[in-house]
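Asker: after the sequence you'll find the predicted model.
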Amino acid sequence: MSDVTETLDQIRVVLGQPAQARQASREDLPPIVRTNDGLWEWIASLNGADLPVPWTAEELVLYGTPQSIAQVQTGYSVDAHGKSLPGWQPEWFVIGQLSGDPVIAKADDTSCSVLFARHGAGKWNPQELASTPVQFAKSIKAWCDLFVIEFGRKIYNDDFSVRADFLERLRQSLDMLLSEPQKETFMRMVDE
């Protein structure tokens, strides 16, 4: 069992979501997935199912079905007719989404780094979120452990801002997993 698979399985346990038994076939996925081992390992570790992760306002959805993986590319890399959209790099592949903001696998490097970008800024400017899919999965696991287990999903102040003690604990957990710039990108996903 790979580190990615093991970590995603641990996330499912924390969230009370049963592991799926079906596996996506490489042939059912876009060419970029078939040719990048890191990207393929990530998608294969999702066991052919999307993984919704509760977040601050909405869910972070990690895509694992061939249908959702293909559909989510529309609007980012291609238009509804499959035509490439300007400003999107060919090596970027959306693997998740948070409130319309894409989580991107950079499929041109051997480590398959994970990026995060805000939509609506006029141009895409993704920032590195993790150096590898394993590092990204472990960061999401740290989030789930704090959000679901330690804080019982009660992370808001009366004014609906995220509690400072939660943010501090999250930063401490991420210190062991991410570089400072990566941690700042993760924190922007949480508190912006």
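Answerer: Perfect, I can see it now. Residues are numbered from 1 along each chain as shown.
Asker: how about the residue located most distally from the centre of the chain, secondary structure?
Answerer: In the chain, the residue that sits farthest from the middle, by CA atoms, centre = their mean, is Asp158; the gap is 28.5 Å. The three-state assignment at Asp158 reads coil, by DSSP: H, G, I helix; E, B strand; the rest coil.
Asker: do Leu146 as well
Answerer: Leu146 ends up helix, using three-state DSSP.
Asker: contacting residues for it?
Answerer: Leu146 is in contact with 166, 169-170, 173, counting by CB atoms under 8 Å, 6 or more residues apart in numbering. Yep, even glycine has a C-beta here, placed from its N, CA and C like the rest.
Asker: mind listing the strands for this structure?
Answerer: Along the chain, counting by DSSP state E, strands occupy 51-54, 59-62, 92-98, 101-106, 114-116, 127-130.
Asker: buried ones in the helix or strand bottoming out on mean pLDDT in the chain?
Answerer: Lowest by mean pLDDT, DSSP states H and E among the helices and strands of the chain is helix 31-35, with a mean of 76. The neighbour-count check on helix 31-35 (16 or more other CB atoms under 10 Å) flags 32-33 as buried.
Asker: do the same with stretch 115-124
Answerer: Using 16+ other CB under 10 Å as the test for burial, stretch 115-124 gives 115-118, 124.
Asker: quick check: end-to-end length of that stretch?
Answerer: End-to-end distance for stretch 115-124, by CA to CA, to the nearest Å: 11 Å.
Asker: repeat that for stretch 63-79.
Answerer: In terms of CA to CA, the two terminal residues of stretch 63-79 are separated by 19 Å.
Asker: just the helices from this structure, written as ranges.
Answerer: In the chain, the helices defined using DSSP state H lie at 3-15, 31-35, 37-45, 66-73, 133-144, 164-175, 180-191.
Asker: and Val53, which of these is closest to it?
Answerer: Set against Val53 and scored by CB to CB, the helices of the chain come closest in helix 133-144, at 6.1 Å.
Asker: could I get the average pLDDT for the closest one?
Answerer: The average pLDDT for helix 133-144 rounds to 96.
Asker: mind giving me the packing neighbours of that helix?
Answerer: Counting contacts by 3 or more CB pairs under 8 Å, 6 or more residues apart in numbering; DSSP states H and E, helix 133-144 packs against helix 3-15, helix 37-45, strand 51-54, strand 114-116, strand 127-130, helix 164-175, helix 180-191.
Asker: with that, I have no additional questions.
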